[in-house]
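Enquirer: sequence and predicted model, in that order:
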Amino acid sequence: VVHWRSLNEAFHSLLFTKTGSSEATTLLERKKINRYYQPMYRIVDEGGVHVKIAIFAFRADPLCFIYVMLNALDMKRRGIDVKVILEGESVTLIQSMRESDNKLFEQMVSAGLVDCVCKACSAKMGVLAYNESSGIRLCDEMNGHPAMATYLEQGYAIITL
């Protein structure tokens with residue numbers, strides 16, 4: 001798991017370095033993710049860098065979730081491959097965001113940024129039927145929950161909020 005402060009340093013180095021990509025590469029190479037480490041980026045063209053981020057949202061606080069939505073949409077706009085995974089209490093937000101007609105949530109869903117919602121937590125929180133009908137994929141590969149290792153193996157850095 002990469003801490004947000006370290007990731008911000010890496011992004012800043014990647015996006016704003018004037019000395020070329022070797023300085024940014026060195027910074028990112030120091031951010032190894034135990035045995036699942038894969039580079040968080042790959043060069044896509046002469047000037048572009050491809051970063052992969054998986055944001056695991058756990059809290060049901062709508063104010064906190066706004067930051068998940070804003071950052072996911074911003075990362076996508078900047079060309080970062082980002083996925084949002086709803087876990088824990090955050091699985092209840094699908095219904096409340098849709099019922100309140102939250103525009104950010106709808107933008108995030110229509111952009112395909114919500115990768116999945118936890119099946120076990122949806123059942124525990126009493127929103128399984130609603131979430132099944134939402135059109136968002138349910139994940140259950142790790143005893144009913146989405147596995148962070150799945151995303152690590154695909155080269156994603158993980159942020160938890």
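Expert: Sure thing, it's come through.

Enquirer: now the element after the lowest-mean-pLDDT helix or strand in the chain, going C-ward?
Expert: Using mean pLDDT, DSSP states H and E, strand 41-43 stands out as the lowest-scoring helix or strand of the chain, at a mean of 40. Counting by DSSP states H and E, the next helix or strand C-terminal to strand 41-43 is strand 49-57.

Enquirer: helices and strands around that following strand, which ones?
Expert: With contacts defined as 3 or more CB pairs under 8 Å, 6 or more residues apart in numbering; DSSP states H and E, the packing partners of strand 49-57 are helix 4-16, strand 41-43, helix 62-77, strand 81-86, helix 148-153, strand 157-160. Heads up, the C-betas are built off the backbone N, CA and C, glycines and all.

Enquirer: name the helices or strands packed onto the last one?
Expert: Using 3+ CB pairs under 8 Å, 6+ apart as the contact definition, the elements that strand 157-160 packs against are helix 4-16, strand 49-57, helix 148-153.

Enquirer: that's a helix at residue 90, yeah?
Expert: Yes - Residue 90: assigned to a helix according to DSSP: H, G, I helix; E, B strand; the rest coil.

Enquirer: what is the neighbour count of it?
Expert: 25 (other CB atoms under 10 Å).

Enquirer: I figured it hits residue 65, correct?
Expert: Yes - using CB atoms under 8 Å, residue 90 is in contact with residue 65, at 6.6 Å.

Enquirer: who touches both of those two?
Expert: Common contacts of residue 90 and residue 65 (CB atoms under 8 Å, 6 or more residues apart in numbering): 57, 59.

Enquirer: lowest average pLDDT across the helices and strands packed on strand 49-57?
Expert: Among the helices and strands packed on strand 49-57, strand 41-43 carries the lowest mean pLDDT, a mean of 40.

Enquirer: now residue 159: closest residue in space, sequence neighbours ignored.
Expert: Nearest non-adjacent residue to residue 159, counting by CB to CB, 6 or more residues apart in numbering: residue 55, 4.9 Å away.

Enquirer: same question for residue 67.
Expert: That would be residue 161: by CB to CB, 6+ apart, it lies 6.6 Å from residue 67.

Enquirer: now residue 109
Expert: Nearest one to residue 109, counting by CB to CB, 6+ apart, is residue 136 at 7.0 Å.

Enquirer: OK, contacts around that neighbour?
Expert: Contact partners of residue 136, counting by CB under 8 Å, 6+ apart, are 86, 94, 109, 114, 116-117.
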